[in-house]
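A.B. asks: I would like the atomic coordinates for the input below:
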Amino acid sequence: MEGGRSETSAAEVSEEIIYTSVKFSQTSPLRAKAAQGKRASCLWPAAVLGLAIGFGILSISLAVALIWKMSGSPPLCPEQWVAYRRSCYSFSKEKKDWHSSQESCRAQGAHLLVISDTWEMDLFKSIQTECFWIGLRNSTGTGWIWEDGSIFNGTRVFSNSPVQHCVVLIQDHFQASSCEFSAPWICEKPLA
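C.D. replies: Numbers count the residues shown, from 1 in each chain. Model (predicted):
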């Protein structure tokens, strides 16, 4: 009899019908399209930034490997610094004003980046994804001077205010900025 009961209850269960209700919100096609555009625009910069950072790291790695192979021995730069030609470079992860960035480089026996030729400029154009303080400043109001004392005679420094006396490198151009602006920086020192 117990066997018959279990057959009966199984039959009863299989004949039960379960109902559920699903509510869909009514979103106008224009609203849906706008919301989709907002989501896409939020994701696009993150994807581009990720690709740019990945490309930058790959470029630095390839440059280091090429230099290492050409010299026959590993470059003699401090740990976490990148060797290129006859210099070592360090990219900060923190942000400081121009003067504090300069002091941070000096404390490591280095100076803020001085771009001395087109090879060096091309390197930083290809690997750099955000703005970085470099060693270019207009402290006297007479012109732009590199931290090593040489006169800037390169391309133009973009400026939109007379109180912008320090320079950040943004992708492929020099942008004047207030020296109090917080940004990461690039230190440079000779290859040991």
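A.B. asks: and the contacts of the one helix or strand Ser101 maps to?
C.D. replies: Applying DSSP states H and E as the criterion places Ser101 in helix 98-107. Residues from elsewhere that reach helix 98-107 (CB atoms under 8 Å, 6 or more residues apart in numbering): 90, 92, 96, 111-112, 133, 135, 137, 147, 166, 177, 179-181, 183, 185, 187-188. Every residue, glycine included, has its C-beta placed from N, CA and C.
A.B. asks: and that helix, what's buried?
C.D. replies: Residues 98, 100-102, 104-105 are the ones in helix 98-107 that count as buried (16 or more other CB atoms under 10 Å).
A.B. asks: and for stretch 115-128?
C.D. replies: The neighbour-count check on stretch 115-128 (16+ other CB under 10 Å) flags 115-116, 120-121, 123-124, 127-128 as buried.
A.B. asks: now do the helix holding Ser101, average pLDDT.
C.D. replies: Averaged across helix 98-107, pLDDT comes to 97.
A.B. asks: check stretch 130-138 too.
C.D. replies: Mean predicted lDDT for stretch 130-138 stands at 90.
A.B. asks: any idea how far His173 is from the closest residue to Glu130 other than its chain neighbours?
C.D. replies: With CB to CB, 6 or more residues apart in numbering as the criterion, Glu130 has its nearest non-adjacent residue at 7.0 Å, and that residue is Pro184. Applying CB to CB, to the nearest Å, the value for Pro184 to His173 is 17 Å.
A.B. asks: ok, of the contacts of helix 98-107, which come out buried?
C.D. replies: 90, 92, 96, 111-112, 133, 135, 137, 147, 166, 177, 179, 183, 185, 187-188.
A.B. asks: out of those residues, list just those in strands.
C.D. replies: 90, 111-112, 133, 135, 137, 166, 177, 187-188 (DSSP state E).
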